[in-house]
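Peer 1: After the sequence you'll find the predicted model.
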Amino acid sequence: MSALIGSLGGLGLLLNNYTASSLNLFFFWMTWTTLILSHPPLRVELLATFFVRFIFFLLPALIFTLFDNLLPSLAGKEPYVKSSSRKSVSVPTGRGRKKTLQVSNVNRGTLFAIFMTLGNIMLGIGVQAILEYIAVDVFRRPRLLRISSTFPYPWDMARGIIYAMFLRELFIYYPHRHIHQTPKSPFHKAHVHPRPTTSSLNLTSTTPIDYLLLQFLPVYIPSIMLSFHLLTFLAFVAVTSLVDVVCYSQYEYLPKAFFIGRIARRVRGHDECGGKGGYGWIGLLDWLHGTEINWNEGGVMGVGGGGEGGEGFTQAVRRGVRTRKATRKARQSDE
């Protein structure tokens with residue numbers, strides 16, 4: 001009897017969770033349907049895009065920026081903050097001990113990066129609005145991003161985002177490599193690689209041309225090519241924004257074995273080698289064209305070469321394959 005009661009209780013809890021999830025999905029569908037029926041589609045698209053970029057990129061970037069500038073010693077950014085703007089503060093750590101932290105004021109460069117980032121985001125949304133207007137109102141074509149009350153399936157969203165990731169790699173790698181390897185290119189002067197920054201806004205606080213070419217279009221064009229639903233596009237923007245804001249923070253303690261840690265390592269190597277390699281986001285095209293950045297055991301960086309303990313994408317894959325093969329052979333020999 002007690003087992004039956006326990007089973008029924010567990011089933012009731014499961015049904016309650018299922019009912020709660022169904023109700024949340026229903027209310028989200030009602031809100032979404034009301035939104036797209038009561039407002040023009042273009043307004044919904046632009047406001048939703050700005051909201052996602054603000055929540056998933058600008059807001060965490062501002063938090064990281066304030067943390068890096070106000071507490072550079074705790075964030076590991078002491079070499080990048082001017083000593084003239086620092087002051088020491090003693091913080092109690094327990095048991096009568098104190099730790100000295102370096103506190104810095106937010107400088108003008110940080111404020112300029114914040115305004116440049118906000119301006120570039122608004123510029124991208126403006127270009128998005130112009131393209132939608134030309135497609136719909138001028139050429140009488142369907143919307144570039146589909147907006148409907150029907151939700152895309154989760155597996156379709158995940159599959160589309162994975163495809164868009166690889167397309168984004170294409171649209172980032174080749175223009176990026178062309179800019180660095182062609183000094184006479186008109187985009188060469190517009191592409192700036194500052195020294196390692198104390199701000200996660202390094203990615204978007206560049207020139208408008210650089211932002212549109214290497215940040216906005218590589219996200220927007222794949223979404224158009226794959227005929228994304230607006231919700232899929234917003235999810236794609238959210239994923240890429242979160243990864244970018246973490247990777248461009250250049251924190252030393254990001255786990256190297258994790259995917260985000262490897263992207264951050266590649267970003268740092270690209271900056272430190274002066275743009276000689278590491279043009280992609282994932283690293284596949286860098287390996288294919290011999291522009292992959294690797295680090296050997298002594299911390300010496302190389303482009304296009306291997307090295308023991310390399311941090312490149314393909315080195316990690318090959319090392320994993322060799323490890324699995326060795327483990328499988330060891331198990332077979334034990335048997």
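Peer 2: Structure's in. What do you need? Computed from a predicted model, the values in this text were never measured in an experiment.
Peer 1: Every contact and neighbour count from this point should use C-alpha atoms.
Peer 2: Will do.
Peer 1: Helix or strand with the lowest mean pLDDT in the protein?
Peer 2: For the chain, counting by mean pLDDT, DSSP states H and E, strand 86-94 ranks last in confidence among helices and strands (a mean of 54).
Peer 1: Mind checking what helix or strand follows whichever strand or helix holds residue 111 in sequence?
Peer 2: Under the criterion of DSSP states H and E, residue 111 resides in helix 108-133. The C-terminal neighbour of helix 108-133 among helices and strands, as given by DSSP H and E, is helix 154-181.
Peer 1: Average pLDDT for that next one, rounded please.
Peer 2: Across helix 154-181, the average pLDDT comes to 92.
Peer 1: if I read this right, residue 282 contacts residue 263, doesn't it?
Peer 2: Yes - the pair formed by residue 282 and residue 263 meets the contact definition of C-alpha atoms under 8 Å, at 6.8 Å.
Peer 1: For the two, work out which one has more neighbours and name it.
Peer 2: residue 263 (25 against 20; other C-alpha atoms under 10 Å).
Peer 1: so how far is residue 126 from the more buried one?
Peer 2: According to C-alpha to C-alpha, to the nearest Å, residue 263 and residue 126 sit 29 Å apart.
Peer 1: do the same with residue 48
Peer 2: Distance of residue 48 to residue 126, given as C-alpha to C-alpha: 13 Å.
Peer 1: what does residue 160 give?
Peer 2: When distances are taken as C-alpha to C-alpha, residue 160 and residue 126 turn out to be 25 Å apart.
Peer 1: So those two - more neighbours on which side?
Peer 2: In this comparison of residue 160 against residue 126, neighbours counted by other C-alpha under 10 Å, the higher total goes to residue 160 at 20 against 13.
Peer 1: Now do the contacts for that one.
Peer 2: With contact taken as C-alpha atoms under 8 Å, 6 or more residues apart in numbering, residue 160 is in contact with 226, 228, 232.
Peer 1: Would you mind listing the residues in contact with the nearest residue to residue 280 once chain neighbours are set aside?
Peer 2: Counting by C-alpha to C-alpha, 6 or more residues apart in numbering, residue 173 is the residue found nearest to residue 280 once chain neighbours are left out, at 4.6 Å. Residues in contact with residue 173, defined by C-alpha under 8 Å, 6+ apart, are 279, 280, 281, 285, 286.
Peer 1: Need the residues you listed in a markdown table (columns: pLDDT and neighbour count).
Peer 2: Converted to a markdown table, the contacts of residue 173 look like this (pLDDT from 0 to 100; neighbours: other C-alpha atoms under 10 Å):
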| residue | pLDDT | neighbour count |
| --- | --- | --- |
| 279 | 87 | 26 |
| 280 | 87 | 26 |
| 281 | 82 | 21 |
| 285 | 87 | 19 |
| 286 | 85 | 24 |
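Peer 1: Show only the entries of those found in helices.
Peer 2: Restricting the contacts of residue 173 to those inside helices, with DSSP state H as the criterion, leaves 285, 286.
Peer 1: Let me see the mean pLDDT of the host helix or strand of residue 245.
Peer 2: Using DSSP H and E, residue 245 sits in helix 230-247. In this model, helix 230-247 has an average pLDDT of 91.
Peer 1: Which strands or helices does that helix pack on?
Peer 2: helix 41-53, helix 154-181, helix 217-225, helix 259-272 (3 or more C-alpha pairs under 8 Å, 6 or more residues apart in numbering; DSSP states H and E).
Peer 1: tell me the angle of that helix relative to helix 259-272?
Peer 2: Inter-element angle recorded for helix 230-247 and helix 259-272: 60 degrees (by axes from the mean of the first three to the mean of the last three C-alpha atoms, to 10 degrees).
Peer 1: Now the helix or strand containing residue 65: average pLDDT?
Peer 2: Using DSSP H and E, residue 65 sits within helix 59-70. Model confidence over helix 59-70, given as mean pLDDT, is 81.
Peer 1: Any buried residues in that helix, and which?
Peer 2: Taking 16 or more other C-alpha atoms under 10 Å as the basis for neighbour counts, the residues of helix 59-70 that come out buried are 60, 61, 62, 64, 65, 66, 67, 68, 69, 70.
Peer 1: Output the contacting helices and strands for that helix.
Peer 2: Applying 3+ C-alpha pairs under 8 Å, 6+ apart, one finds that helix 59-70 makes contact with helix 72-75, strand 97-104.
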